[in-house]
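J.: My questions concern the predicted model and sequence given below.
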Amino acid sequence: MAKIPSWERDETILALYTYLLHGRLRSNSPHIIQLSQHLRKLRNPNETPFPNKYRNPEAVELKLRKFANIDPNQHSGMGKGSKLEMEVWETYADNLEELSKKVTNILKRIGISNRIIAQVDELKMAISKRTEPVLDVALDTAKNHPLKVIIGSAVGIVSASVAYLFLKNKDQN
C-alpha cells in the first residue's frame, strides 16, 4: 500500500524552527502555509503517492503538535513522536545558533531569500514570550478559577470529617 514518505531530517528541522518561533499553530495559519510551501520545495510532491496530501498544512500542524508534546514548557501536544523528532529537538532546541545556521542553509538550498531566514535573537525572544507568560496566565487562571474554591471547600470538609472521626474513635478507645 502506497503511503506518504516519512519526514526527513531537513523537513523536521524547518518544522522545529517554526515551532520554536511561533509555537503550536493551526493549519490555516500563514506560518504553517508558508512552511508547507517550503517543505514541498524540498521534494517534488508529484513524486509521492498522494501529491495533495504531501506536507500539506494539516500534516505540518500535526508535526508542530508533536513538538509541543516534547517541549517541557508545554503541557499538551500530540503523543507518539518519532525518534527523528526527539533527535532534532535534543540537537537544536537549546542550540539556537546552530539551528539558525542549519535553517539558513536549507532555505538557501531551495532558493528562499535571506529576508525570512532564521535569526537567533528572534528565536530567543519568541521562545521567552511563549513560555513565561503562558505559565503566568495558567497560574493566574488556576488561582481565580471557581472550581478551586469548590474543591478547596470539599477537601476542607473531608479533612474535618476525617479528623472528627479519628478523634471520636480515639476517645472511645
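T.: Here it is on my side, so go on.
J.: buried ones in stretch 16-33?
T.: Residues of stretch 16-33 classed as buried by neighbour count (16 or more other C-beta atoms under 10 Å): 16-25, 29, 31-32. Any C-beta I mention is one placed from the backbone N, CA and C, and that applies to glycine too.
J.: Among the residues you listed, which ones are in helices?
T.: Of the positions in the buried residues of stretch 16-33, 16, 17, 18, 19, 20, 21, 22, 31, 32 sit in helices, assigned by DSSP state H.
J.: Surely the fourth one touches residue 64?
T.: Yes - using C-beta atoms under 8 Å, residue 19 makes contact with residue 64 at a distance of 4.8 Å.
J.: Now name the helix or strand holding the residue nearest the centre of the chain.
T.: Centroid-nearest residue in the chain: residue 68, 2.0 Å away (criterion: C-alpha atoms, centre = their mean). Under the criterion of DSSP states H and E, residue 68 resides in helix 57-70.
J.: so what does that helix touch, helix or strand wise?
T.: Other helices and strands packing on helix 57-70, by 3 or more C-beta pairs under 8 Å, 6 or more residues apart in numbering; DSSP states H and E, are helix 9-22, helix 30-42, helix 83-92.
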